[in-house]
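Need the 3D shape of this:
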Amino acid sequence: MAMRRIGSRSGDSGGLPPVRTAVRNARLAGIPVAFAGRQAAGVGKRALGRSAAEVDLEIQMRTAQHIFEVLGELKGCATKLGQLLALYELALPQEIAQPYRTALTQLQDSVPTMLPVTVREAMAASMGENWRRHFTEFDERRAAAASIGQVHRAIWRDGRQVAVKVMYPGARAAVLGDLQQLRRLSVLATVFAPGADVPAVTEAICTGVAEELDYAAEAEHQRRFAEAYAGDPDFVVPTVISQRGDVIVTEWLTGTPVSRIIEAGAPEERSRVGMLIMRFLLSSWSRTGLLYCDPHPGNFRILPDGRLGVVDFGACTPWPPTGFEELVGEVMDAALNGGTDEIDAAIRRHGFVRPGRSYDVQALAAALDLVGEPLCQPTFRLTNSWLRKRVRFVLAPRLTNVHRQMDMPAYVTPFARSFLTGLGVLCQLETEGPLRAEFARWSPELAAVFEKYDARRSHPTDLDIARHRRTTPAPHRFSIVG
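Now for the predicted structure:
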């Protein structure tokens with residue numbers, strides 16, 4: 001069934017995503033066609049004397065812009081992928097980034113709205129024709145939006161205020177169709193990460209998005225979190241009351257969206273909220289055995305008593321996988337307490353460089369110094385400016401960028417999604433606090449690394465010491481350059 005905004009003209013999509021398979025496929029299929037065209041044109045530009053690096057950079061920029069624009073029109077799983085690609089915008093110069101920022105704003109704000117008649121039909125399809133008997137009140141107006149559904153406010157038959165999450169009719173088929181197209185387009189991911197095992201990472205992303213279509217699994221995830229955090233002094237997870245088909249009913253949370261804290265909160269409150277979000281993400285591994293993969297501002301509320309309310313548990317995965325704690329401990333120990341030989345051994349052992357492939361290990365050591373900075377000081381202040389510099393360093397579209405010489409194991413994909421999205425929220429909040437201590441609290445492996453780091457120094461952490469140590473020539477230090 002086609003969905004239109006209330007008040008839109010007949011035949012006017014009102015900015016809604018195209019739901020017909022042929023239309024959606026055509027939009028996605030146009031991306032590689034345009035990409036091939038740009039590559040062909042690049043041959044001619046090189047023949048006219050333009051450098052290969054200059055031409056390749058132009059192709060990358062224009063392809064990335066095209067990807068964002070198409071994802072902005074399609075929604076569904078395309079919205080999820082677009083949110084993941086949002087970090088690329090941080091890597092661009094300000095004068096080039098505006099088209100990306102515009103497309104990303106559309107991804108977040110231009111979501112479809114179901115007419116009341118469609119809401120009633122969707123509720124009946126999942127809860128039966130007599131679905132209203134479960135409620136004493138049901139507001140047919142949307143209270144909140146999601147990428148593949150929307151939320152309504154209601155009162156359950158026992159008097160509790162509830163949130164009713166309803167999937168858009170046709171969303172499942174549209175998203176699964178998009179996933180098939182995105183698998184075919186996965187080669188374009190080399191625009192962002194040319195060294196990655198693109199098929200494996202793409203499949204991991206697609207699997208995660210497809211799992212978010214399973215509302216039964218989402219309800220079970222939320223039950224586990226609600227049980228684990230019941231009575232917690234810092235966090236509230238609403239209880240699941242009912243789940244049938246493509247409808248989930250949970251307790252309603254009344255609170256201030258974190259997006260408002262980002263916009264107008266006092267610095268102390270912003271930091272407090274940021275530290276709470278960080279604590280929730282880190283503590284959930286041990287308390288639930290699940291990784292919360294979707295920590296964007298819309299999924300958090302600050303309750304009147306100051307606790308952090310958390311909603312939307314569709315994007316969760318069993319965590320940590322076998323060997324992840326060892327990975328974290330060994331890589332961070334090499335970064336903070338070792339040299340280039342230890343770093344090389346650790347990242348090769350855990351699959352971040354393909355066997356036999358060369359790379360600039362000195363450049364990687366410098367990069368680890370940059371991204372590990374918050375974990376080397378008792379307190380640290382995260383900002384968008386800090387994050388932008390790091391992302392630009394990692395994603396800079398130049399052939400000599402060490403990150404373009406490396407791989408990312410597919411099993412790390414859910415963690416990367418959660419970590420990077422959460423880090424973005426903390427930077428938007430300009431969180432300042434004991435970040436290192438919070439990591440140590442929930443990771444014995446990191447606590448041991450930090451203890452070893454501090455034991456070797458008799459004064460406060462100074463990153464210049466590590467940088468100097470790695471750049472000082474010594475017989476056992478080496479660089480593998482590709």
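
CA only for contacts and neighbour counts going forward, please
Noted.

Please list all residues in contact with Asn130.
Taking C-alpha atoms under 8 Å, 6 or more residues apart in numbering as the contact definition, Asn130 lies against Ala124.

what do you get for the one 3 residues further on?
For Arg133, the contacting residues are Arg157, by C-alpha under 8 Å, 6+ apart.

Look up how far Ala124 lies from it.
Relative to Ala124, Arg133 is positioned 11 Å away (C-alpha to C-alpha, to the nearest Å).

what's the answer for Val310, then?
Look at Val310 and Ala124: by C-alpha to C-alpha, they are 28 Å apart.

So those two - more neighbours on which side?
Taking neighbours as other C-alpha atoms under 10 Å, Val310 and Ala124 compare with Val310 leading, 23 against 15.

Look up phi and psi at that one.
Main-chain dihedrals, Val310, degrees, to the nearest 10: phi -130, psi 130.

How about the contacts made by it?
235-238, 299-301.

In space, what's closest to it - neighbours in sequence excluded?
Nearest non-adjacent residue to Val310, counting by C-alpha to C-alpha, 6 or more residues apart in numbering: Phe300, 4.8 Å away.

quick one: low-confidence parts of the stretch 251-400 of the chain?
Residues of the stretch 251-400 of the chain meeting the criterion pLDDT under 70: 394-400.

thinking again about what came up before, pull the contacting residues for the residue nearest to Val310.
With contacts defined as C-alpha under 8 Å, 6+ apart, Phe300 is in contact with 257-258, 308-311.

Neighbour-wise, give me the winner out of those residues.
In terms of neighbour count, Val258 stands highest of these at 25 neighbours, by other C-alpha under 10 Å.

surely that one meets Ile302?
Yes. Contact criterion C-alpha atoms under 8 Å: Val258 and Ile302 qualify, at 6.7 Å.

Could you pull out the residues contacting both of the two?
The contact sets of Val258 and Ile302 overlap at Val273 (C-alpha under 8 Å, 6+ apart).

Overlap of the contact sets of Arg133 and Ala124?
With C-alpha under 8 Å, 6+ apart, Arg133 and Ala124 have no common neighbours.

For Ala154, give me its contacts.
Ala154 touches 135-139, 161-164, counting by C-alpha under 8 Å, 6+ apart.

Mind listing the strands the helix or strand harbouring it pairs with, and their directions?
Per DSSP states H and E, Ala154 falls inside strand 149-156. Strand 149-156 sits in its sheet next to strand 135-145 (antiparallel), strand 161-167 (antiparallel), going by DSSP bridges.

burial count for Asp378?
For residue 378 the amino acid is Pro, not Asp. Neighbours around Pro378, by other C-alpha under 10 Å: 13.

can you give me phi and psi for it?
Main-chain dihedrals, Pro378, degrees, to the nearest 10: phi -60, psi -40.

can you tell me how far the nearest residue to it once chain neighbours are set aside sits from Leu370?
What sits nearest to Pro378 in space, not counting adjacent residues and going by C-alpha to C-alpha, 6+ apart, is Pro434, at 5.6 Å. Pro434 is 18 Å from Leu370, where distance means C-alpha to C-alpha.

With Phe419 instead?
Per C-alpha to C-alpha, Phe419 is found 16 Å from Leu370.

Next: Val310.
With distances taken as C-alpha to C-alpha, Val310 is found 31 Å from Leu370.

Could you do Pro409 as well?
Taking C-alpha to C-alpha as the measure, Pro409 falls 22 Å from Leu370.

do the same with Thr239
Distance, Thr239 to Leu370, using C-alpha to C-alpha: 41 Å.

what about those two, which has more around it?
Set Thr239 next to Leu370 and count neighbours by other C-alpha under 10 Å: Thr239 wins out with 19 against 16.

ok, Gly356 - how many residues close by?
Neighbours around Gly356, by other C-alpha under 10 Å: 7.

Give me the phi and psi angles of it.
Here Gly356 shows phi and psi, under degrees, to the nearest 10, equal to phi 80, psi 0.

Just give me the neighbour total for the residue nearest to Ala315 when sequence neighbours are not counted.
In space, and not counting its chain neighbours, Ala315 is closest to Cys293: 5.2 Å by C-alpha to C-alpha, 6+ apart. Other residues lying near Cys293 total 23 when counted by other C-alpha under 10 Å.

Surely Cys293 touches Arg417?
Yes. Assessed by C-alpha under 8 Å, Cys293 is found in contact with Arg417 at 6.3 Å.

any chance you could map the helices in the stretch 251-400 of the chain?
Secondary structure of the stretch 251-400 of the chain (DSSP state H, counting those that start in this stretch): helices at 258-264, 267-288, 324-337, 340-349, 361-371, 384-395.

How much space separates Asn130 from Arg120?
Asn130 is 11 Å from Arg120, where distance means C-alpha to C-alpha.

hang on, the earlier thing: and the strands paired with strand 149-156, which is most packed in?
strand 161-167 (a mean of 24; mean count of other C-alpha atoms under 10 Å).

Contacts for it next, please.
Applying C-alpha under 8 Å, 6+ apart, the contact partners of strand 161-167 are 119, 122-123, 148-156, 246-252.

same thing with stretch 221-237?
238-240, 276, 280, 284, 287-288, 306-314, 316.

List the buried residues in it.
Buried residues in stretch 221-237, counted by 16 or more other C-alpha atoms under 10 Å: 221-226, 229, 235-237.

May I have that stretch as PDB, with CA atoms only?
C-alpha atoms of stretch 221-237 as PDB (Å, rounded to 0.1, in the frame of the first residue of the first chain):
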ATOM      1  CA  HIS A 221      16.500  -8.100  23.200                       C
ATOM      2  CA  GLN A 222      14.600  -5.400  25.100                       C
ATOM      3  CA  ARG A 223      13.400  -7.900  27.700                       C
ATOM      4  CA  ARG A 224      17.000  -9.000  28.400                       C
ATOM      5  CA  PHE A 225      18.100  -5.300  28.800                       C
ATOM      6  CA  ALA A 226      15.100  -4.500  30.900                       C
ATOM      7  CA  GLU A 227      15.800  -7.400  33.200                       C
ATOM      8  CA  ALA A 228      19.500  -6.600  33.400                       C
ATOM      9  CA  TYR A 229      18.900  -3.000  34.300                       C
ATOM     10  CA  ALA A 230      15.800  -3.300  36.500                       C
ATOM     11  CA  GLY A 231      16.200  -1.000  39.500                       C
ATOM     12  CA  ASP A 232      19.500   0.500  38.200                       C
ATOM     13  CA  PRO A 233      20.300   3.900  39.600                       C
ATOM     14  CA  ASP A 234      21.600   5.200  36.200                       C
ATOM     15  CA  PHE A 235      19.500   3.600  33.500                       C
ATOM     16  CA  VAL A 236      15.900   2.700  32.600                       C
ATOM     17  CA  VAL A 237      14.800   0.300  29.900                       C
END
